[in-house]
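Participant: when you get a sec, could you give me coordinates for this:
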Amino acid sequence: MKKIIVGIGEILWDMLPSGKALGGAPANFAYHAGRLGEEGWAVSAVGDDALGREILDLVASKGLHSMIAVTDKPTGTVQVELDDRGVPAYNIMEDVAWDNIPFTPEMEELAKRADAVCFGSLVQRMNSRSSVMRFIRAMRPDALKVFDINLRQHYYSCEVIVESLMLADILKINDEEIRIVAGMLGLSDDAVTACRELIGSFGLRLVILTKGPEGSEVITADKVIPQGVDDVEIVDTVGAGDSFTAAFTVAYLRGDTLAEAQRLASATASYVCSRKGAMPE
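Facilitator: Predicted coordinates:
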């Protein structure tokens, strides 16, 4: 049977220089989990507006399972600017639909059936935080909880990070974010040591540390597994990290070794970087 893998949080339009593209880390995550053979679900909210209806139609056309509420708030948008290396910078609209995801009986039932969930810090900046926490706490004890921290602008706090880490089994974090978290929590200046301190403090199974063009490391209490990146021509990096997390989660649930899961994750992210947008065919 296919594993039920859920991304809960923001769904929105990335307003790219080349035009708008469906985005939001949880939707990207769920899309790639589905493309890799599992049952990917996106849980979020849109507005009762033209942009929201377009998202619902597009999600359906991509074959993505979804539980997307329609609210009286506007559909989320993000202005995305790419530098000369294709690296994005974001300007995120506030108090939009995905900031106000309602917790419903249907969401609770999905949580009870889910084999894994991925969640981040951005969706917890406003009213959706309680819905995310309730979803995770409704899951089976053996279900996998992945915290893809995804720090954006000023939309995070020590309280949100600590509570999320307490609920998580796996943390995914990049080399810039680990420095921020280390400073907030008084951890070591060395990235690997800081990751191990998080493992010890919060009972994590492992930390995935991504380092952009330098690849990634899977860090456990007693080992570090490095992985380089494929040599591809980068079109843009939007959604690459989400696809990495999805591929790693799929492989991990299938029982692959950590090195195998990391190789699949790296190859998937490299492919996404070589294509336009976060959800390439």
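Participant: how about the helices of the protein, start to end?
Facilitator: 25-35, 50-61, 105-113, 128-138, 158-167, 175-185, 191-202, 240-254, 258-273 (DSSP state H).
Participant: buried sites along the second one?
Facilitator: When neighbours are counted by 16 or more other C-beta atoms under 10 Å, the buried residues of helix 50-61 are found to be 51-52, 55, 59. Every residue, glycine included, has its C-beta placed from N, CA and C.
Participant: just the angle for it relative to helix 25-35, thanks.
Facilitator: Angular relation of helix 50-61 and helix 25-35 on a 0 to 180 degree scale: 20 degrees, by axes from the mean of the first three to the mean of the last three C-alpha atoms, to 10 degrees.
Participant: so what touches helix 50-61?
Facilitator: 11-13, 22, 27, 42, 46, 66, 68, 70, 74-75, 77, 97 (C-beta atoms under 8 Å, 6 or more residues apart in numbering).
Participant: most neighbours out of the residues you listed, which is it?
Facilitator: Ala27 (33 neighbours; other C-beta atoms under 10 Å).
Participant: need the residues that contact stretch 29-41.
Facilitator: The contact list for stretch 29-41 (C-beta under 8 Å, 6+ apart) reads 2-7, 42, 62-67, 110, 114, 118, 148, 242-243, 245-247, 249-250, 253, 264, 268, 272, 278-279.
Participant: give me that answer again for 7 Å
Facilitator: 2-7, 42, 62-67, 110, 118, 242-243, 245-247, 249-250, 268, 279 (C-beta atoms under 7 Å, 6 or more residues apart in numbering).
Participant: drop anything exposed from those.
Facilitator: Buried among these by 16+ other C-beta under 10 Å: 3-7, 42, 62, 64-67, 110, 118, 242-243, 245-247, 249-250, 268, 279.
Participant: now do the same contact list for Val78.
Facilitator: 12, 14-15, 23, 90-93.
Participant: tell me which helix or strand in the protein has the weakest average pLDDT.
Facilitator: strand 88-92 (a mean of 80; mean pLDDT, DSSP states H and E).
Participant: give the buried residues for the longest strand along the chain.
Facilitator: Criterion DSSP state E: the longest strand present in the chain is strand 39-47. Neighbour counts over strand 39-47 (16+ other C-beta under 10 Å) mark 39-47 as buried.
Participant: go on, stretch 140-149?
Facilitator: Applying 16+ other C-beta under 10 Å to stretch 140-149 flags 143-149 as buried.
Participant: likewise stretch 105-121?
Facilitator: 107, 110-111, 114-121.
Participant: before we move on, the earlier item: pick out whichever of the buried residues of stretch 140-149 sits closest to Ala194.
Facilitator: Ile149 (12.8 Å; C-beta to C-beta).
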